[in-house]
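Participant: Quick one: sequence and predicted model below, then my questions.
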Amino acid sequence: MKLNYYPGTDSLYIHFSEKPGADAVEISEHVVVDEGGIPSGST
């Protein structure tokens with residue numbers, strides 16, 4: 001897991017996986033999952 005904080009927008013991005021997101025899909029405004037349905041990131 002990796003965290004990135006962006007002070008300009010006061011937002012935090014949580015990386016659940018280090019795999020490239022080429023086959024990732026945004027399933028809601030703040031959640032990205034990989035092709036197997038496993039969460040890969042969230043804001």
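Facilitator: Structure's in. What do you need? Numbering: from 1, shown residues only.

Participant: switch to C-alpha atoms for all contacts and neighbour counts from now on
Facilitator: OK.

Participant: how about the strands in this protein?
Facilitator: Secondary structure of the chain, counting by DSSP state E: strands at 2-6, 11-15, 25-28, 31-33, 39-42.

Participant: Worst mean pLDDT among these?
Facilitator: Among the strands of the chain, strand 39-42 has the lowest mean pLDDT, at a mean of 69.

Participant: ok, back up a step: next, format the strands of the chain as a markdown table and append mean neighbour count.
Facilitator: Formatted as a markdown table, the strands of the chain follow (neighbours: other Cα atoms under 10 Å):
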| stretch | mean neighbour count |
| --- | --- |
| strand 2-6 | 11 |
| strand 11-15 | 14 |
| strand 25-28 | 12 |
| strand 31-33 | 18 |
| strand 39-42 | 20 |
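
Participant: gap between the two ends of stretch 3-23?
Facilitator: 21 Å (Cα to Cα, to the nearest Å).

Participant: tell me how far that stretch is from the chain's mean position?
Facilitator: Distance of stretch 3-23 from its chain centroid, counting by Cα atoms, centre = their mean, to the nearest Å, is 5 Å.

Participant: who's L3 bridged to?
Facilitator: L3 forms beta bridges with I14, as assigned by DSSP bridges.

Participant: from memory it sits against S17, does it?
Facilitator: No - in this structure, L3 is not within contact of S17 by Cα atoms under 8 Å, at 11.0 Å.

Participant: Which residue of the chain lies farthest from its centroid?
Facilitator: Residue farthest from the centre of the chain, counting by Cα atoms, centre = their mean, is G8 at 18.3 Å.

Participant: Got phi/psi on that one?
Facilitator: Per-residue torsions, G8: phi -60, psi -30 (degrees, to the nearest 10).
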